[in-house]
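# Coordinates for the following, if possible.
(chains A and B)
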Amino acid sequence: MKNIPISAQIGLFFTGIYFFMAIFAPLIAPYGVGEIVGDVWEPASSSYLLGTDNIGRDLLSRMIYGGRTTIFIATAGTLLSFVIGSILGFFAAVVGGWADQLLSRFVDLIMSIPTLIFALVVLSVMPVTIPILIVVMGLLDSTRVYRLARAVAVDISVMEYVEAARLRGEKTGWIIFREILPNALSPLIAEMGLRFIFMVLFVSTLSFLGLGVQPPEADWGGIVKENKEGIVYGIPAALIPAFAIATLAISVNLVADWVLNRTTSLKGGRG
Amino acid sequence: MSEPLLKVRDLKIGATIFPPGEKPRDIEIVHGVSFDLERGKVLGLIGESGAGKSTIGLASMAYGRGGVKLTGGEVWVNGRDILQSKLGDIRALRGAEVTYVSQSAAASFNPAKKIMEQVIEAAVEQKKFSRNEAEARARTLFAKLGLPDPDNIGDRYPHQVSGGQLQRCMTALALCPEPDLVVFDEPTTALDVTTQIDVLMAIKEAIKDTGVAALYITHDLAVVAQVSDDIMVLRMGDMVEYGSVDQIINNPQEEYTKALVSVRSIEHEEKTPNSDPVLKVDGISARYKGLTHDVLSNVSVELHPGQTLAVVGESGSGKSTLARVITGLLPPRAGEISFAGRTLSPELAGRSRDDLRELQMIYQMADTAMNPRQTVGTIIGRPLEFYFGLRGAEKRKRVIELLDEIELGEKFLDRYPAELSGGQKQRVCIARALAAKPKLIICDEVTSALDPLVADGILKLLLNLQKAEDVAYLFITHDLATVRAISDTIAVMYQGNLQRYGSKSEVLSPPFDDYTDLLLSSVPEMRLGWLESVVANRKMESAGN
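Coordinates of the predicted model:
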């Protein structure tokens, strides 16, 4: 542990706290997620640490449960996008030819439509449930991952060790997972940190617009939406989720930076 | 006696290394080297990679590359200690009094600017000449260096001239500001032997005509013997021997110098064809996608079991393409390859697992031929697992056997390629090829990226393995000394054609065709005056010119 730089320690600490609260939300949160416990927009007090929201629910509990939903959706969406994007990207780079053309042009097509608008259109005709939200966000974001994975893998697939594997008669699967993946990991992990944060912002945006997580479930974008009128009266409730999103973004990226440094070290990346 | 131009006293150079997981620490890479260089003389610095020769060369411009720091000693140029000078004074020195010629001209020229602009840049910047004077001087230098069309070549872009010509342009660049000292850092190492001669001759004449002093850095003793007056032999940052060319070549004192002088003295009895050929290449023509001419035309060669066929030629002669055709990476346009009695499918996808197993390949750059994220054990173990289904302890045992065969041993099992030296990496690649129990190994320039002594070790290993395993080698190289050392049969390639083909004794004995003669005579020999005698007797120019 002593080799972890201070910035990464801070990042790990805060990321850890957020994930811990997300996982153990029911144990930590003082009140239930939909429980009305007090007046509308009560100020912070010893019983309501962050005050109450627009209909008198405990804001801290809402934040903790909301963080759970937001982080879960963002994590699942990121994982989905990375699995799909990087496998397809590696496949395109290794196989090349028409398979590459077909996939790449299809991805170009998807990317030419603004992601948010695409998501809004799809979600307005589909029932908005959490699995659907994850799949839609994951698929849309996988186009970005595909681009990166393909670009990285094209460089690696012309290396002689990949040629040696081809000459040995290895299957495409081995070449992708054993020869290319370990060498493409560091840029992908760095991208993963960034993509996770975009996912958090994306799901928050969707919820703010009313097409994301549906009430009474809480999520950070939804909490902003519910409390936005309060800002006019000087009530800070809407700013708290924004603060949470910002700190989560910074801490995840501090960790991603450190992982990137570690995996690109000279010693063949064992760290 | 007047003060020498360059006086180096007890020069110490250090660097900070950052081992992962440990505290950064300082190491010393040059431990106190001293020498003098008179005006108009040439000092050759020679040593293996890591000997500190380039670092010393750059120190004479008070420059430390990367994290390198000049930690102690004195470097006197024209009577002042430049290690104590202020940055402004050093700037006035670089590009005016001391200039530099690097190994790779192609990487050092800015591809977006015309050659002339880059050649005169330092001279104009340092206010040595006006723009017009500098251009006139550059044209004179172009002519002196034997470049074609010296009046207009400066208007070309770097990619529009050949590698050998670009290296001469770089020499013109260094000589243009009328420096007192030029540092040549391996100026001919990246060139073909046939081109190397022209560049060497041009550099030598230019040094003589302009009367500059030069530091000539190289790992090739035979080359440095042609151009220098004195030679300093370096090893691991220490001076091993320092003397006149004559003394170093003809009467070396230290063991290490003796080893360098006698390098490439492997003797190999030529074997006669004994049975059916293991590889028969019949009338192969091939071209790359998008080209309108054949890179290989109608090439036929044979290779017998347990023997070595050397394919020689300069870059662009099609020798590596031949390897790609045989391995199936580039299907030929015409012709047939039979291997171990079977006709090989032209496409890689159409070959059986045994075809693939029995035909292995070793690459020039061992660095890129091994996956940096796999351990030596995984790299060597994979063919065992893939072809023979060995697993667990059985596989481990066989990997250790192979490691012993390549003279590395069990302790290398868990190392990563980044933790190996160049020669060790190449050995691991050899073990990986051997693991498949091949009948034929294609060796593509396997020793050209290595220091001469290390290369010697690899060649000896290959010969021993050939005896033990009865494997045939198709040995692709541009280095005739290597060919002499290991081949039974030789194929000389020139611009995609088979120029000369036969047993070693046939090919290497007269009468020669013009190209073989050029190739043979271009191999630097470890004697004084060799360069002049060769240039005087040449019949043709190399294709790279």
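# and the stretch 201-350 of chain B, which residues reach chain A?
Contacts of the stretch 201-350 of chain B with chain A, taken as Cβ under 8 Å from any Cβ of the partner chain, map to B:327-329, B:348. For glycine as for every other residue, the C-beta is placed from the backbone atoms N, C-alpha and C.
# if we look at stretch A:3-21, which residues are touching it?
A:28, A:64, A:67-68, A:71, A:244, A:247-248, A:250-255, A:257-258, B:21 (Cβ atoms under 8 Å, 6 or more residues apart in numbering or on different chains).
# returning to what we had before: nearest to chain A among the residues of the stretch 201-350 of chain B next to chain A?
Nearest to chain A, judged by Cβ to the nearest Cβ, of those is residue B:327 at 5.7 Å.
# ok, now which ones touch the closest one?
Contacts of residue B:327 (Cβ under 8 Å, 6+ apart): A:167, B:348, B:359, B:361, B:442.
# distance of it from residue B:108?
Note on residue B:327: its distance to residue B:108, by Cβ to Cβ, to the nearest Å, is 34 Å.
# got the residues of chain B near chain A?
Counting by Cβ under 8 Å from any Cβ, chain B sits next to chain A at B:19-21, B:327-329, B:348, B:351, B:353, B:356-357, B:359-361, B:363, B:365, B:368-374, B:382-383, B:386, B:416-419, B:432, B:436.
# If any of those are buried, put those into a ChimeraX selection.
In ChimeraX, a selection of the buried entries from the residues of chain B next to chain A looks like this (16 or more other Cβ atoms under 10 Å in any protein chain shown):
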select /B:327,328,348,351,356,357,359,360,361,363,365,368,369,370,371,372,373,374,382,383,386,416,417,418,432,436
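# Among the residues of chain B next to chain A, which ones are in strands?
Among the residues of chain B next to chain A, the ones falling in strands (DSSP state E) are B:359-361.
# closest to chain A among the residues you listed?
Using Cβ to the nearest Cβ, those come closest to chain A at residue B:361, 5.9 Å.
# And the contacts of residue B:327, which is the shakiest by pLDDT?
Looking at the contacts of residue B:327 by pLDDT, the weakest one is residue B:348, with 87.
# Leaving out the residues flanking it, which one is nearest to that residue?
residue B:328 (3.7 Å; Cβ to Cβ, 6 or more residues apart in numbering or on different chains).
# ok, now how distant is that neighbour from residue A:163?
For residue B:328 relative to residue A:163 (Cβ to Cβ), the value is 11 Å.
# Check residue B:352 too.
From residue B:352 to residue A:163 the distance is 19 Å (Cβ to Cβ).
# what about the two, which has more around it?
residue A:163 (19 against 12; other Cβ atoms under 10 Å in any protein chain shown).
# can I assume that one is in contact with residue B:329?
Yes - under the criterion of Cβ atoms under 8 Å, residue A:163 makes contact with residue B:329 at 7.2 Å.
# Which residues are in contact with the spatially most central residue of chain A?
With distances taken as Cα atoms, centre = their mean, residue A:196 lies nearest the centre of chain A, 2.3 Å away. Contacts for residue A:196 (Cβ under 8 Å, 6+ apart) come out as A:74-75, A:78, A:252.
# what's in contact with the lowest-mean-pLDDT helix or strand in chain B?
Scoring the helices and strands of chain B by mean pLDDT, DSSP states H and E places helix B:530-536 at the bottom, with a mean of 78. Applying Cβ under 8 Å, 6+ apart, the contact partners of helix B:530-536 are B:197, B:200-201, B:204, B:222, B:225-227, B:521-522, B:524.
# what's around residue 166, how many residues?
Just so you know, I chose chain A. Residue A:166 has 20 nearby residues by other Cβ under 10 Å.
# um, chain B though
By other Cβ under 10 Å, 23 other residues sit near residue B:166.
# And for residue B:64?
Neighbour tally, residue B:64, other Cβ under 10 Å: 16.
# all helices for the stretch 51-200 of chain A, in order.
A:59-95, A:97-111, A:115-125, A:130-157, A:160-168, A:172-174, A:181-208 (DSSP state H, counting those that start in this stretch).
# what would those look like in CSV with distance to residue A:239?
Converted to CSV, the helices of the stretch 51-200 of chain A look like this (distance: least, Cβ to Cβ, whole Å):
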stretch, distance to residue A:239
helix A:59-95, 11
helix A:97-111, 33
helix A:115-125, 23
helix A:130-157, 25
helix A:160-168, 51
helix A:172-174, 49
helix A:181-208, 13
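# ok, and the closest non-adjacent residue to residue B:414?
Residue B:414's closest residue in space is residue B:375 (Cβ to Cβ, 6+ apart), at 5.2 Å.
# okay, the one you found: pLDDT?
On the pLDDT scale, residue B:375 gets 91.
# Residue B:22 now?
pLDDT, residue B:22: 65.
# before we move on, what about residue B:165?
85.
# got it, and the one 3 residues further on?
Per-residue pLDDT puts residue B:168 at 86.
# surely it meets residue B:144?
No - taking contacts as Cβ under 8 Å, residue B:168 lies outside contact range of residue B:144: 9.7 Å.
# three-state assignment of the residue of the stretch 1-150 of chain A found nearest chain B?
Using Cβ to the nearest Cβ, residue A:3 is the residue of the stretch 1-150 of chain A that sits closest to chain B, at 6.1 Å. Counting by DSSP: H, G, I helix; E, B strand; the rest coil, the backbone at residue A:3 sits in coil.
# Would you mind giving the domain segments of chain B?
Listed by automatic domain parsing, the domain ranges of chain B are B:41-64+B:86-261, B:279-525.
# Would you mind putting those domains into a markdown table with distance to residue A:214 alongside?
Formatted as a markdown table, those follow (distance: least, Cβ to Cβ, whole Å):
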| stretch | distance to residue A:214 |
| --- | --- |
| domain B:41-64+B:86-261 | 57 |
| domain B:279-525 | 44 |
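# Residue A:124 is nearest to which of the ones you listed?
Nearest of the domains of chain B to residue A:124, taken as Cβ to Cβ: domain B:279-525 at 45.1 Å.
# now the closest one: how far from the chain's centre is it?
17 Å (Cα atoms, centre = their mean, to the nearest Å).
# what distance separates the start and the end of it?
One end of domain B:279-525 sits 34 Å from the other (Cα to Cα, to the nearest Å).
# Check stretch B:442-450 too.
Span of stretch B:442-450 from end to end, Cα to Cα: 18 Å.
# The residue in the stretch 101-250 of chain B that chain A sits nearest to sits in which helix or strand?
Residue nearest to chain A within the stretch 101-250 of chain B: residue B:107 (18.4 Å; Cβ to the nearest Cβ). In this structure, residue B:107 is located in helix B:105-108 according to DSSP states H and E.
# now what about that helix, what contacts it?
Helix B:105-108 is contacted from outside by B:102, B:158, B:163, B:166-167, B:169-170, B:190, using Cβ under 8 Å, 6+ apart.
# mean confidence score for it?
Helix B:105-108 comes out at a mean pLDDT of 82.
# repeat for stretch B:197-213
84.
# cool, and stretch B:313-321?
Computed over stretch B:313-321, the average pLDDT equals 82.
# Need the contact partners of that stretch.
B:192-195, B:286, B:288, B:295-296, B:299, B:311-312, B:330, B:444-445, B:476, B:478, B:492-497, B:499, B:519, B:542-544.
# mind listing which of these are in helices?
B:193-195, B:519 (DSSP state H).
# what's the farthest-apart pair in those residues?
Of all pairs drawn from the ones in helices among the contacts of stretch B:313-321, the greatest distance, 11.4 Å, lies between B:195 and B:519 (Cβ to Cβ).
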